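Trainee: this one's sequence-less:
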């Protein structure tokens with residue numbers, strides 16, 4: 001008799017954790033099924049529809065029969081459009097040959113880390129930060145090392161701290177600019193300091209710039225990709241989810257150095273073969289079509305941010321940092337004694353507002369809760385009333 005037990009899941013798969021925002025979203029939807037009115041401020045998904053000219057481009061593409069395999073790297077038309085867009089917004093020179101189209105920016109992150117990280121390699125990730133950076137690193141057999149930013153220091157980037165956590169095992173520094181969840185935008189001085197360390201220690205940099213168009217200070221965020229000596233060691237990533245309200249389309253891209261293209265595309269070929277051509281045609285239409293929707297989105301998000309920040313900073317016991325970009329506000333709940341971020345978010349959910357506990361985004365996030373200002377201003381105003389009432393209940 002064969003005594004071998006039925007095989008269990010791989011150790012690699014067990015290292016991967018779920019994403020907190022999706023869990024919170026599903027939890028909120030379960031309450032909605034029970035008739036509870038929930039204002040969704042947990043996930044980074046706008047309440048807006050994809051602009052109509054982008055949708056029409058996908059429909060027309062389908063009618064033209066664009067439903068077959070395409071290049072794993074992406075259609076030339078889309079890669080040319082992306083290259084032109086990057087060159088215009090970042091004031092640099094990239095080639096369509098360096099563009100790789102991926103299933104969302106998360107795909108670009110996944111394939112880059114899988115292509116670069118060996119067992120035991122260390123990847124420096126921001127904390128607070130997007131949880132997938134650490135999860136994908138662990139899946140690849142690497143070790144995420146946290147570069148901490150703190151609310152009471154306005155989430156400033158400490159270069160001395162970054163330098164202190166670099167060692168012989170360090171392979172990659174991951175940047176998210178503008179940052180999820182803090183809303184900070186890195187200054188040119190900070191980027192130059194990071195670039196200096198990357199060159200000195202011969203490190204790769206992954207620059208996740210998915211929120212690049214969501215800035216509130218009047219100027220497009222600087223990319224580390226454009227600094228001297230960085231293009232050959234930086235993978236710049238961006239996509240369509242936030243700028244064009246296309247989260248469900250799963251369309252992103254990376255600008256990869258010449259020596260990475262074949263490796264990354266080989267991994268992608270064995271993962272998903274290629275992206276649907278009609279979705280890529282929609283991406284081309286997004287970049288080549290009218291950009292009024294982008295400026296209107298930025299204006300709307302600025303108004304939402306101001307509404308949230310003003311309301312929170314006029315409430316007792318809680319406060320927040322005013323974000324410079326992205327979609328989020330981190331709320332400081334440290335003055336409410338004996339309440340964890342999970343407790344706070346759970347109580348708030350029962351009052352009809354879904355937010356994300358800071359502990360899902362940071363090792364030191366127990367006194368923080370993330371709010372995504374993705375609902376319309378009327379719903380946000382109602383959410384602020386419910387938040388104020390919840391704080392009053394917890395402090396009475």
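Mentor: Structure received. Bear in mind the structure is a predicted one, so any value in this text is a computation, not a measurement.
Trainee: what are the ranges of the helices in the stretch 101-250 of the chain?
Mentor: 104-116, 131-139, 159-164, 188-200 (DSSP state H, counting those that start in this stretch).
Trainee: Could you pull out the buried residues of the third one?
Mentor: Residues 159, 162 are the ones in helix 159-164 that count as buried (16 or more other C-beta atoms under 10 Å). In this view, the C-beta of every residue, glycine as well, is placed from N, C-alpha and C.
Trainee: Which other helices and strands does that helix contact?
Mentor: strand 143-148, helix 188-200 (3 or more C-beta pairs under 8 Å, 6 or more residues apart in numbering; DSSP states H and E).
Trainee: thinking again about what came up before, any chance of the helices of the stretch 101-250 of the chain in TSV with mean pLDDT as columns?
Mentor: Output for the helices of the stretch 101-250 of the chain, formatted as TSV (pLDDT from 0 to 100):
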stretch	mean pLDDT
helix 104-116	97
helix 131-139	96
helix 159-164	98
helix 188-200	99
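Trainee: winner for burial among those helices?
Mentor: Between the helices of the stretch 101-250 of the chain, helix 104-116 has the highest mean count of neighbours, a mean of 23, where neighbours are mean count of other C-beta atoms under 10 Å.
Trainee: Identify whichever of the helices of the stretch 101-250 of the chain lies nearest to residue 369.
Mentor: helix 131-139 (15.5 Å; C-beta to C-beta).
Trainee: Tell me which residues are up against that closest one.
Mentor: 12-13, 15-17, 19-20, 106, 109-110, 113-114, 117, 123, 125-126, 143-144, 174, 176, 360-361 (C-beta atoms under 8 Å, 6 or more residues apart in numbering).
Trainee: Next: stretch 180-187.
Mentor: 44, 128-130, 149, 154-157, 175, 177-179, 194, 211, 215, 217, 221-222, 224, 321-330, 356, 358, 361, 370.
Trainee: Would you indicate which residues of it are buried?
Mentor: Under 16+ other C-beta under 10 Å, the buried positions of stretch 180-187 are 180, 181, 182, 183, 184, 185, 186.
Trainee: so how far is stretch 311-323 off the chain centroid?
Mentor: 23 Å (C-alpha atoms, centre = their mean, to the nearest Å).
Trainee: May I have the distance across that stretch, first residue to last?
Mentor: With C-alpha to C-alpha, to the nearest Å as the measure, stretch 311-323 spans 14 Å from end to end.
Trainee: just to revisit the earlier point, ok, of the contacts of helix 131-139, which come out buried?
Mentor: Members of those classed as buried by 16+ other C-beta under 10 Å are 15, 20, 106, 109-110, 113-114, 117, 123, 125-126, 143-144, 174, 176, 360-361.
Trainee: returning to that earlier point: make JSON lines from the helices of the stretch 101-250 of the chain and add distance to residue 298 to it.
Mentor: Below are these laid out as JSON lines (distance: least, C-beta to C-beta, whole Å):
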{"stretch": "helix 104-116", "distance to residue 298": "19"}
{"stretch": "helix 131-139", "distance to residue 298": "25"}
{"stretch": "helix 159-164", "distance to residue 298": "29"}
{"stretch": "helix 188-200", "distance to residue 298": "21"}
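Trainee: Just tell me which of the ones you listed ends up closest to residue 271.
Mentor: Per C-beta to C-beta, nearest to residue 271 of these: helix 104-116, 7.7 Å.
Trainee: quick one: contacts for the nearest residue to residue 239 once chain neighbours are set aside?
Mentor: On the basis of C-beta to C-beta, 6 or more residues apart in numbering, the spatially nearest residue to residue 239 that is not a chain neighbour turns out to be residue 252, at 3.1 Å. Contacts here follow C-beta under 8 Å, 6+ apart; on that basis residue 252 touches 101-108, 210, 237-241.
Trainee: what's the answer for residue 260, then?
Mentor: Applying C-beta under 8 Å, 6+ apart to residue 260 gives the contacts 112, 115, 235.
Trainee: Distance to residue 307 for the residues you listed - can I get that in TSV?
Mentor: Listed next are the contacts of residue 260 as TSV, based on distance: C-beta to C-beta, whole Å:
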residue	distance to residue 307
112	36
115	42
235	36
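Trainee: any idea which of the residues you listed is the one closest to residue 394?
Mentor: So of those, ranked by how close each gets to residue 394 (C-beta to C-beta), first place is residue 112, at 42.3 Å.
Trainee: isn't the closest one right up against residue 206?
Mentor: Yes. Counting by C-beta atoms under 8 Å, residue 112 touches residue 206, with 5.8 Å between them.
Trainee: Quickly list what's touching both of these two.
Mentor: Common neighbours of residue 112 and residue 206 (C-beta under 8 Å, 6+ apart) are 235, 237.
Trainee: ranges for the strands of the chain?
Mentor: Along the chain, counting by DSSP state E, strands occupy 39-40, 99-102, 122-127, 143-148, 170-176, 204-208, 234-239, 252-255, 319-320, 328-332, 353-354, 356-357, 368-372.
Trainee: mind listing what the first one pairs with, with the direction of each?
Mentor: This means strand 39-40. Neighbouring strands of strand 39-40 in its sheet, by DSSP bridges, are strand 353-354 (parallel).
Trainee: quick one: the partner strand to chain centroid distance?
Mentor: 20 Å.
Trainee: Show residues contacting that strand.
Mentor: 24-25, 27-28, 38-42, 345, 348, 383, 386-387, 390.
Trainee: Residue 313: which of those is nearest?
Mentor: Closest to residue 313, out of all of the contacts of strand 353-354 and judged by C-beta to C-beta, is residue 387, at 12.2 Å.
Trainee: for that closest one, what are its contacts?
Mentor: Residue 387 neighbours (C-beta under 8 Å, 6+ apart): 311, 312, 315, 318, 348, 353.
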